[in-house]
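**Student:** What would the 3D arrangement of this be:
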Amino acid sequence: MAKRPFMRGVELNSLLKRDHTLFGGVLFGLEGRTIELQARAVAVRSSPWPWKFAVSITGMATGSIREAIDRISGAFSKYEIPQPEVEIVINLAPADLPKEGTWLDLPLAIIMLQAAGILPDLPEATEDKFVLVGEMGLHGEVRRVPGVLAMAYSSKPGQTLIVPQGNEKECALIMAAPGHEDCKIAAVSTIMEVIEYFQGKQKLKNALSQRIEFEHVLPESLDLSRIRGHEKAKEAALIAAAGGHNLLLVGPPGEGKSLLASTIPGILPRLNNEDAIELTRIYSAAGALEKDGQIVSRRPMRSIHHSASKQALIGGGSGVPRPGEITMAHLGVLFLDELAEFSGKTLDSLRQPIEDGRITISRVGATIEYPSRFALVAAMNPCPCGYFGDEKCMCKESDVKKCQSKISGPVLDRLDLKVEMTTLSIEQRFSEESGPSSAEYRKRVELARKRQDKRFAGSKIPFNAAIPGGHVRDYCAFSENGFSAYRSAIEKNRVSTRSMDRIAKVARTIADLYNSEAVEPPHVDRATDYVVGNLKLAAF
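**Tutor:** Numbering: from 1, shown residues only. Okay, here's the model as predicted:
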């Protein structure tokens, strides 16, 4: 672009009278927040001045925002855009919202050119018709940014979103939600495309004018019919999926605990459009969408190693807080392998999200809330060698107790179902695939969930496992014989009040799976077996 000659005096002084406004967006948690960029020239210089020194930014702009001026200056140099002859002040509103990241690079570049008189100002009536988002590169390229779907959701009807090439398909998901009528999405790859558009030299293509194909970002889960044997563990998985219960699998190494856990997302109810978009927003914010056009339309499975830090698990970090593994597992499964090897502090950090279905992260000047309603599936060996109760076990009793005592009591108390997976026989190992498929299990789970939806209509309770304390009897209807069996089980096993409630909730889920209006004795007996258990664990 050729340098623009400036007349001294009148023309430069006229810039001081002009108001400039553009709109961009930043990611705040999982929400897109619209940012109003206001700019004006405040003083005339006697000679051109480097952009870095000519531009000052106010409105809680962090270091990452201020670094944008250096990247933008490099791009301007490539295209021979002249340095400004005025001092420019840019304000980012609202001023009380911390602004991090590179999302505002593109609107900053355009409003800098407007304030310097290099680009024409937009008519006031059309200033709010555009939302610009994108990271600037030194060579003038506009780069993809994470979380752009959330920012697209904050757009208003009739607005045009100018986003980086490679973000336009993701933004197109806004058309699945009301409130975005007549929105347009324009994808750009360089700053010059935007400059020439605002100069009126070229048009930008609306990505919504053509059909967009999306692809699954998560693979299909392993089919449950491929798991040989372990019928009791399969039933426990079915109950966990049907009622939203947490599950603990105990057994020797190599007997399929992780494999069974990997099948559970496939028997959970299918995601509806609203849930799929929510998950896609989460994965977008976390930078987990490797390319444009990916959508999270399957239940996630997040397998966590015991070396994972508390921050990696619940989210946070310096700068822009990122969703943690519990949020990435939202509406799916969080799998903790080798449960006894996790630190107590890490496990205790799960207590709030398990109870509330969300995690709150506090930062200076901001509090961010992430959803985290997941099914917790944990696995562990019963002793250091893994063969406790078998003749192969050589562990001392003190070592066994020490291994099991590592588990946080409060977290252990929130694992509704406990099941032991024993070593398979030779016949079981070489048997043909048999038993119901994941599709058949999922059908039963969906029918049970429909019963729960009807039961909890008008409340915020999503499933049986989330029935709050003090309301268990309100929702768990026992038959006369069922209640007698329930009371007998409590007296016989001398369980805590929390475990007493868990037996009722698990029994209610089993009754739902068998399409029973009332909880009957067989449901109570089965629930007691899973909640109290017959595991060879000192901790129980």
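
**Student:** how about the strands in the stretch 401-540 of the chain?
**Tutor:** Using DSSP state E, counting those that start in this stretch, the strands of the stretch 401-540 of the chain run over 417-420.

**Student:** Could you do the stretch 51-200 of the chain as well?
**Tutor:** So, for the stretch 51-200 of the chain - with DSSP E, counting those that start in this stretch - the strands run 55-58, 86-93, 130-132, 135-136, 142-143, 160-164, 184-188.

**Student:** So in that sheet, which strands flank the second one, and in what orientation?
**Tutor:** To tie it back to what came earlier, the one meant is strand 86-93. Take DSSP bridges as the rule and strand 86-93 pairs in its sheet with strand 31-44 (antiparallel), strand 55-58 (parallel).

**Student:** Repeat that for the fifth one.
**Tutor:** The partner list of strand 142-143 in its sheet, established with DSSP bridges, is strand 135-136 (antiparallel).

**Student:** gap between the strand it pairs with and the chain center?
**Tutor:** 24 Å (C-alpha atoms, centre = their mean, to the nearest Å).

**Student:** what's the offset of stretch 152-165 from the middle of its chain?
**Tutor:** Distance, centroid of stretch 152-165 to centroid of chain: 22 Å (C-alpha atoms, centre = their mean).

**Student:** which stretches of the stretch 251-400 of the chain have low pLDDT?
**Tutor:** Along the stretch 251-400 of the chain, the model assigns pLDDT under 70 to residues 318-320, 363-365, 386-387, 389-390.

**Student:** how about the helices in it?
**Tutor:** Counting by DSSP state H, counting those that start in this stretch, the stretch 251-400 of the chain has helices at residues 257-263, 273-285, 310-314, 325-328, 344-348, 351-356, 397-404.

**Student:** And those: which comes nearest Ile65?
**Tutor:** For Ile65, the closest of the helices of the stretch 251-400 of the chain is helix 273-285, at 18.2 Å, according to C-beta to C-beta. For the C-beta atoms, the positions are set from N, CA and C on the backbone; glycine is no exception.

**Student:** Compute the number of surrounding residues for the closest residue in space to Leu218 that isn't next to it in sequence.
**Tutor:** Once flanking residues are discounted, Leu218 sits nearest to Arg298: 4.6 Å by C-beta to C-beta, 6 or more residues apart in numbering. Neighbours of Arg298 under the rule other C-beta atoms under 10 Å: 20.

**Student:** same thing with Leu339?
**Tutor:** Neighbours around Leu339, by other C-beta under 10 Å: 23.

**Student:** Likewise for Ser189?
**Tutor:** With other C-beta under 10 Å as criterion, Ser189 counts 14.

**Student:** ditto for Lys205
**Tutor:** 13.

**Student:** before we move on, what about Phe342?
**Tutor:** Neighbours of Phe342 (other C-beta under 10 Å): 26.

**Student:** Assess the claim that it and Ser349 are in contact.
**Tutor:** No: between Phe342 and Ser349 there is no contact under C-beta atoms under 8 Å: 10.1 Å.

**Student:** Now do stretch 315-327: distance to the chain's middle.
**Tutor:** Using C-alpha atoms, centre = their mean, the distance between the centre of stretch 315-327 and that of its chain works out at 10 Å.

**Student:** Go ahead and name everything in contact with that stretch.
**Tutor:** 27, 29-30, 62, 64, 100-101, 282, 285-287, 302, 304, 308, 311-314, 334, 350, 353, 359, 361, 363, 368, 370-372, 374 (C-beta atoms under 8 Å, 6 or more residues apart in numbering).
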